[in-house]
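Chemist: Build the 3D model from these lines:
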Amino acid sequence: MKDSSPDHHQMSFMAAGLMDQLNPKHPLLQLARTIPWDFFESEFAPLYAPIGRPAKPIRLMVGLSILKHMENVSDEVIVQHWVQNPYYQAFCGEVEFQWSFPCDPSDLVYFRKRVGEKGFEKILASSITIHGEKAVEEEVCIDTTVQEKNITFPTDAKLYRKIIVRCLKLARREDIKLRRSYAKEIKQRKLECRFAGHPRNRAKARKAVKRLKTIAGRLVRELERKLPLDILEKLAGDFALFHRGLNQKRGDRNKLYSLHEPHVYCMSKGKEHKRYEFGTKVSITTTRDSKIIVGAMAFDTNKFDGHTLPEVLLQLKRLNALKPAVGLCDRGYKGKSKINDTRIIRPSTTTRDTDSAYKALMRKRFRKRAGIEPVIGHLKSDHRLNKSYLKGFEGDQINVLMAAAAFNFRKWMRLFLLPPKMASFWNCLTGFFIKPTHHGYVMMAS
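Modeler: Predicted coordinates:
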């Protein structure tokens with residue numbers, strides 16, 4: 001059941017108001033005045049049941065989700081920091097200082113499942129809207145990167161051992177007596193798989209992996225024979241994954257790399273220090289000059305970069321009604337030069353007859369396009385895009401959207417941390433200045 005929000009106008013006789021004790025010019029409080037909390041209340045309220053225990057306030061859950069990605073911490077850590085930081089509490093709508101935890105960390109998991117990808121897209125859209133006219137440009141920069149999943153580096157031996165462990169747990173849970181558990185032999189074969197790259201150990205490790213595959217296949221088939229039909233039907237998805245992992249070969253496509261994250265796929269971006277990455281492909285779209293993120297999404301398959309553009313442009317239209325005239329991409333986006341009303345521009349060779357003004361324009365455009373690379377770097381190092389710890393593909397989508405929203409919110413806050421001279425220099429450089437209003441602060445063109 002949806003809980004009622006605290007009354008911000010009702011004062012307490014026992015304690016002073018929280019806002020009276022804090023610095024009203026703090027960037028986090030300025031951001032809190034700018035974010036449209038009432039919009040989130042109206043959009044997410046229908047997702048709550050009319051009966052049952054009252055849920056936590058929507059502003060609290062949205063605020064914790066934003067703070068988590070802005071500070072690059074986990075659910076458990078942000079809940080602990082919330083108790084210690086009065087600015088966090090004011091940001092989430094509290095009117096008095098609280099001494100207890102706002103919620104259990106698992107409540108954030110339930111909130112993510114309740115709101116889903118569409119709900120977090122609305123948070124990203126709000127992070128774009130608060131930038132005003134600066135977030136609306138005719139040209140955008142588009143690039144892809146890899147969001148790694150929190151899984152171990154996949155090998156055949158690890159996959160077979162996990163299948164064996166799951167089969168043994170299932171047999172104990174259902175009280176199935178196996179002909180043999182292979183407990184002692186599995187430990188021995190596991191040791192033989194170590195240092196498989198050494199020439200002396202290569203043959204022994206290859207035999208150990210083959211033996212582990214044989215043991216895993218035996219246990220899977222034995223459980224399929226001995227388990228009741230009703231339980232087999234419930235576990236059909238698990239056994240399908242077991243067979244998929246046992247039957248795949250070296251050159252197969254769409255291989256299984258993880259039992260608990262089967263949607264993960266392998267990508268190679270040509271990095272010298274990291275040849276293969278395992279996770280999901282992510283597309284990031286920024287404005288050309290202001291570098292505000294106006295689009296972010298994950299893909300469930302390893303699509304060719306050029307084939308991701310229609311979905312990317314649809315998301316831009318859905319989030320902010322943005323229809324860019326030009327999309328600046330790298331050479332990986334080969335294919336169509338125009339999608340709907342957006343012209344796709346990629347670096348290309350020029351000849352002696354090419355106009356010098358056109359060369360200068362293209363050079364300026366692609367220098368601006370290169371600015372998306374450090375944006376992706378900050379998303380990974382500062383806002384949890386480097387590795388997704390959330391469950392499933394929907395968790396990957398939510399992680400991407402919240403990382404982009406946190407980047408935009410942090411970019412908005414950074415203006416209030418600049419010294420006055422630097423702020424005036426920034427205003428002269430960009431042509432925008434900050435104007436205070438009764439709702440907060442907005443960017444206005446000079």
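Chemist: quick one, domains of the chain?
Modeler: With domains defined by automatic domain parsing, the chain comprises 136-152+266-415, 156-256.
Chemist: out of these, deepest packed?
Modeler: domain 136-152+266-415 (a mean of 17; mean count of other C-beta atoms under 10 Å). For every residue, glycine as well, the C-beta is placed using N, CA and C.
Chemist: now do the same end-to-end measure for that domain.
Modeler: From its first residue to its last, domain 136-152+266-415 covers 18 Å (C-alpha to C-alpha, to the nearest Å).
Chemist: what distance separates that domain from the centre of its chain?
Modeler: Here domain 136-152+266-415 is found 14 Å from its chain centre; the criterion is C-alpha atoms, centre = their mean, to the nearest Å.
Chemist: possible to save the domains of the chain as TSV with distance to Lys113?
Modeler: Output for these, formatted as TSV (distance: least, C-beta to C-beta, whole Å):
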stretch	distance to Lys113
domain 136-152+266-415	8
domain 156-256	19
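Chemist: mind listing the strands for the stretch 1-150 of the chain?
Modeler: All strands of the stretch 1-150 of the chain, identified by DSSP state E, counting those that start in this stretch, fall at 139-149.
Chemist: and the domains of the chain as JSON lines, adding distance to Val62 and mean pLDDT?
Modeler: What follows is those, written out as JSON lines (distance: least, C-beta to C-beta, whole Å; pLDDT from 0 to 100):
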{"stretch": "domain 136-152+266-415", "distance to Val62": "10", "mean pLDDT": "92"}
{"stretch": "domain 156-256", "distance to Val62": "33", "mean pLDDT": "94"}
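Chemist: Assign a three-state SS to Val294, would you?
Modeler: Counting by DSSP: H, G, I helix; E, B strand; the rest coil, the backbone at Val294 sits in strand.
Chemist: residues contacting it?
Modeler: Residues near Val294 by C-beta atoms under 8 Å, 6 or more residues apart in numbering: 128, 135, 140, 285-287, 316, 319-320, 322.
Chemist: Swap in 6 Å and give it another go.
Modeler: By C-beta atoms under 6 Å, 6 or more residues apart in numbering, the residues touching Val294 are 128, 285, 316, 320, 322.
Chemist: can you tell which of the domains of the chain is closest to His69?
Modeler: His69 lies closest, by C-beta to C-beta, to one member of those: domain 136-152+266-415, at 3.7 Å.
Chemist: Where does Gly335 fall, secondary structure wise?
Modeler: Assigned by DSSP states H and E, Gly335 belongs to no helix or strand.
Chemist: In this structure it contacts His307, no?
Modeler: No. With contacts counted by C-beta atoms under 6 Å, Gly335 stays clear of His307, the gap being 7.4 Å.
Chemist: To Gly119, which of the domains of the chain lies closest?
Modeler: Comparing the domains of the chain by C-beta to C-beta, domain 136-152+266-415 comes nearest, at 8.9 Å.
Chemist: for Tyr265, phi and psi?
Modeler: phi -130, psi 170 (degrees, to the nearest 10).
Chemist: list the contacts for it?
Modeler: By C-beta under 6 Å, 6+ apart, the residues touching Tyr265 are Asn302.
Chemist: how does it look with 10 Å?
Modeler: 149, 253-257, 277-281, 299-302 (C-beta atoms under 10 Å, 6 or more residues apart in numbering).
Chemist: Next: Ile215.
Modeler: So Ile215 contacts 160-161, 163-164, 167, 180-182, 185-186, 189 (C-beta under 10 Å, 6+ apart).
Chemist: Tell me which helix or strand comes right after the helix or strand hosting it.
Modeler: Per DSSP H and E, Ile215 falls inside helix 202-226. For helix 202-226, the following helix or strand on the C-terminal side (DSSP H and E) is helix 229-234.
Chemist: Next SSE downstream of that following helix?
Modeler: Next along from helix 229-234, by DSSP H and E: helix 236-247.
Chemist: Send me that next one as CSV with only the CA atoms.
Modeler: Extracted in CSV, the C-alpha atoms of helix 236-247 (Å, rounded to 0.1, in the frame of the first residue of the first chain):
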residue,chain,number,x,y,z
ALA,A,236,12.7,-27.4,-16.8
GLY,A,237,14.5,-24.0,-17.2
ASP,A,238,17.4,-25.1,-15.0
PHE,A,239,17.9,-28.4,-16.8
ALA,A,240,17.7,-26.6,-20.2
LEU,A,241,20.6,-24.5,-19.0
PHE,A,242,22.5,-27.6,-17.9
HIS,A,243,22.2,-29.2,-21.3
ARG,A,244,23.0,-26.0,-23.0
GLY,A,245,26.3,-25.7,-21.1
LEU,A,246,27.2,-29.3,-21.6
ASN,A,247,26.4,-29.4,-25.3
